[in-house]
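K.L.:
this one's sequence-less:
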């Protein structure tokens with residue numbers, strides 16, 4: 001029965017994503033006029049092909065990476081409140097962007113390297129360095145609790161460093177605000193290809209580790225007695241978490257609650273073992289961010305809202321409602 005519900009949910013999520021992809025192509029500052037004029041107007045066709053379509057598909061790709069990372073994080077830390085940013089990747093990415101903006105124009109050499117690297121490259125490098133710093137502080141992946149605490153500490157320290165850089169270079173504040181609020185407006189075909197190229201192998205790897213995650217959910221001592229290689233498992237999961245989160249954050253900025261809410265939505269509709277949960281959470285995350293992107297363009301058109309604000313409001317409201325409902329039942333939040 002649970003298998004059928006899982007397959008039905010996966011099919012429904014894919015069908016809804018296909019419908020939103022078509023809707024997203026028609027939503028923009030010029031409305032559906034571009035769709036109607038695309039046959040005869042090369043400019044309208046270019047808007048659809050090079051702006052709206054990659055943006056909508058990129059929103060799905062980034063959301064899928066965050067949903068996948070959220071399911072992996074909650075399985076790794078055995079905590080329903082774990083999100084993809086726990087290992088310091090978000091703070092590292094924000095610090096990387098702040099440093100790149102502050103250094104731009106300081107010297108010809110720095111400017112040349114920053115032009116080649118780009119803000120997305122700086123964000124990805126910052127995210128990876130944040131995770132590496134967490135691993136260094138935690139002395140590797142041997143202790144899950146120590147890894148979690150190290151991630152929290154690194155996030156706070158790197159966030160403070162980002163604020164110091166922004167204060168020292170106040171001209172970067174506006175650009176940093178756009179990054180912190182999250183946006184899919186600058187996602188092109190290159191970013192889509194990169195995120196989709198990472199999503200497939202990471203999803204396959206996470207799905208293959210699903211049975212070991214099920215064993216880890218029983219407790220580390222029980223998992224070790226069942227023959228689960230805890231060190232190798234943690235290392236693989238941290239790699240999946242870092243790459244998925246770093247790629248999404250580098251392209252779209254900080255998108256709140258997608259990685260946290262997606263696994264909870266899947267569990268509430270079709271509870272599944274981790275092998276299927278991570279895949280369904282990826283599909284759910286892609287649908288959530290794609291829907292938020294379409295709403296961000298449509299609600300106050302021709303202006304648009306930061307997509308991260310919408311995901312924070314909608315995702316946070318859902319989680320508060322879920323916590324209230326389960327609290328009344330006396331079953332807790334998990």
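P.N.:
That came in fine, so what should we check first? Note that the coordinates shown come from a computational prediction; the quantities given were computed from them, not determined experimentally.
K.L.:
just the helices in the stretch 101-250 of the chain please.
P.N.:
108-137, 144-168, 173-181, 189-208, 210-216, 220-225, 230-252 (DSSP state H, counting those that start in this stretch).
K.L.:
possible to save those as TSV with mean pLDDT and distance to residue 307?
P.N.:
For the C-beta atoms, the positions are set from N, CA and C on the backbone; glycine is no exception. TSV is the format used below for those (pLDDT from 0 to 100; distance: least, Cβ to Cβ, whole Å):
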stretch	mean pLDDT	distance to residue 307
helix 108-137	86	16
helix 144-168	92	21
helix 173-181	87	8
helix 189-208	94	14
helix 210-216	90	30
helix 220-225	86	37
helix 230-252	92	8
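K.L.:
so who does residue 194 touch?
P.N.:
247, 251 (Cβ atoms under 8 Å, 6 or more residues apart in numbering).
K.L.:
The most centrally placed residue in the chain - nearest residue in space that isn't next to it in sequence?
P.N.:
The structure's the chain has its C-alpha centroid closest to residue 66; by Cα atoms, centre = their mean the separation is 2.7 Å. Nearest in space to residue 66, with sequence neighbours left out and distances taken as Cβ to Cβ, 6 or more residues apart in numbering, is residue 259 at 4.0 Å.
K.L.:
Thought residue 81 was touching the one you found, still the case?
P.N.:
No. Using Cβ atoms under 8 Å, residue 259 is not in contact with residue 81, being 11.4 Å away.
K.L.:
quick one, which of these two is more surrounded?
P.N.:
Neighbour count, other Cβ atoms under 10 Å: between residue 259 and residue 81, residue 259 has more, with 34 against 14.
K.L.:
does the more buried one sit in a helix, a strand or a coil?
P.N.:
What DSSP: H, G, I helix; E, B strand; the rest coil gives for residue 259 is helix.
K.L.:
Please tell me how far residue 24 sits from residue 249.
P.N.:
21 Å (Cβ to Cβ, to the nearest Å).
K.L.:
err, residue 288, not the other one
P.N.:
Distance, residue 288 to residue 249, using Cβ to Cβ: 16 Å.
K.L.:
for residue 10, same thing?
P.N.:
26 Å.
K.L.:
Can you pick out the residue with more neighbours from these two?
P.N.:
Neighbours were counted for residue 10 and for residue 249 using other Cβ under 10 Å; residue 249 has more, 31 against 19.
K.L.:
Contact partners for that one?
P.N.:
Counted by Cβ under 8 Å, 6+ apart, residue 249 has contacts 89-90, 93, 123-124, 127, 255.
K.L.:
In a markdown table, list those residues along with neighbour count and distance to residue 239.
P.N.:
Shown next, in a markdown table, are the contacts of residue 249 (neighbours: other Cβ atoms under 10 Å; distance: Cβ to Cβ, whole Å):
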| residue | neighbour count | distance to residue 239 |
| --- | --- | --- |
| 89 | 33 | 12 |
| 90 | 27 | 17 |
| 93 | 32 | 17 |
| 123 | 30 | 18 |
| 124 | 24 | 14 |
| 127 | 29 | 13 |
| 255 | 33 | 21 |
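K.L.:
Those: which two are farthest apart?
P.N.:
Across the contacts of residue 249, the longest distance by Cβ to Cβ is 15.0 Å; it joins 124 and 255.
K.L.:
Settle this for me: residue 175 is touching residue 101, isn't it.
P.N.:
Yes. The pair residue 175 / residue 101 is scored as a contact, 5.5 Å apart, by Cβ under 8 Å.
K.L.:
Between the two, point out the one with more neighbours.
P.N.:
Between residue 175 and residue 101, counting by other Cβ under 10 Å, residue 101 is the more crowded of the two (22 against 16).
K.L.:
my guess is that one contacts residue 168, does it?
P.N.:
No. Assessed by Cβ under 8 Å, residue 101 is found out of contact with residue 168, at 11.1 Å.
K.L.:
what's residue 4 sitting at in phi/psi?
P.N.:
With angles defined as degrees, to the nearest 10, residue 4 sits at phi -60, psi -40.
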